[in-house]
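K.L.:
My questions are about this predicted structure, shown below with the sequence.
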Amino acid sequence: MFIRLILVIGLSSLLFGCSSDEVKEEDPVQVEDRSSAATGGAAEDSGAQAYGTDDGSTSGFSELDDPQSPLSVRIIYFEYDSSEIQSEYRSVIEAHAAYLIRNPSTTITLEGHADERGSREYNLALGERRAQSIRQQMALLGVASSQMRLVSYGEERPAVEGHDEASWQQNRRVEILY
C-alpha cells in the first residue's frame, strides 16, 4: 500500500512538475504490482525496510520517527567541564525513559563526548561521566540497566571542527542511539 502511494505521488510530481504542457500518450508508464496478492500470496523481498510498525499503530511510523516528539531530540548538551544534566533536557530524558519502559526489548547506546580542551584521558573520563549521568537518571525513572550501553569517545569524535566556544559547545554532548 505504501509503495503504491509513493508511486502515485512520484508519477503525479512528474506529470505536474514538467515545464512542458505536452503529454505523450504513446509512452504509457508501466507500473508493476508487487503486492502479496499479485504474486499469489508469496511476498517478494524488494530490499525495502519498514520501520516503526511494531508499535501497533496504523500510520507506519514509530514515535521515534516523529519530529514533533521529544524522542526526536537525541543529543544532550553539557556545560564546560560538567556532567550535570541541564534542566531543559529533563523532559527529553523522561520521554526516552518512558519509551524504553514501554519497549523493554529496545536498547540504546549513550555516547559521551567532550570538547578538545583537556588531556585525552581526562576527556574520555568526562565523556563517560556525562553518559553515566544520563544512564543514572534513566535508571531512576525505571529503565533496566540491560537496555543501556555506555561508550565514551572523549574528544575523538567532534560534531563540529573548530577551536572556539561555538564549536566546543556542540562537542560537549551525549548522543542517544537506538
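P.N.:
Perfect, I can see it now.
K.L.:
now the helices for the protein?
P.N.:
If DSSP state H is used as the criterion, the helices of the chain fall at 2-17, 90-102, 120-140, 165-171.
K.L.:
For these, please prepare TSV with the additional fields mean neighbour count and distance to Thr109.
P.N.:
In short, each C-beta sits where N, CA and C put it, glycine included. Listed next are the helices of the chain as TSV, based on neighbours: other Cβ atoms under 10 Å; distance: least, Cβ to Cβ, whole Å:
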stretch	mean neighbour count	distance to Thr109
helix 2-17	10	29
helix 90-102	17	12
helix 120-140	19	9
helix 165-171	15	18
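K.L.:
export the ones you listed to CSV and tack on distance to Tyr77 and mean pLDDT?
P.N.:
Written out in CSV, the entries for the helices of the chain read as follows (distance: least, Cβ to Cβ, whole Å; pLDDT from 0 to 100):
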stretch, distance to Tyr77, mean pLDDT
helix 2-17, 36, 45
helix 90-102, 11, 98
helix 120-140, 10, 98
helix 165-171, 7, 97
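K.L.:
Name the residues of stretch 142-162 that are buried.
P.N.:
Residues of stretch 142-162 classed as buried by neighbour count (16 or more other Cβ atoms under 10 Å): 143, 147-148, 150, 152-155, 158.
K.L.:
then that stretch to CSV, C-alphas only?
P.N.:
Taking Å, rounded to 0.1, in the frame of the first residue of the first chain, the C-alpha atoms of stretch 142-162 are listed here in CSV:
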residue,chain,number,x,y,z
GLY,A,142,12.7,2.8,35.8
VAL,A,143,14.8,1.8,32.7
ALA,A,144,16.5,-1.5,33.1
SER,A,145,20.3,-1.3,33.0
SER,A,146,20.4,-4.1,30.4
GLN,A,147,18.7,-1.6,28.0
MET,A,148,21.5,0.9,28.2
ARG,A,149,25.1,0.6,26.9
LEU,A,150,27.7,3.3,27.5
VAL,A,151,30.7,4.4,25.5
SER,A,152,32.9,7.4,25.8
TYR,A,153,34.7,8.9,22.8
GLY,A,154,36.1,11.9,24.7
GLU,A,155,37.4,14.4,22.2
GLU,A,156,37.9,11.8,19.5
ARG,A,157,34.7,12.3,17.5
PRO,A,158,33.9,16.0,17.4
ALA,A,159,30.5,17.0,16.0
VAL,A,160,32.0,20.3,14.8
GLU,A,161,35.6,21.0,13.9
GLY,A,162,36.8,24.3,15.3
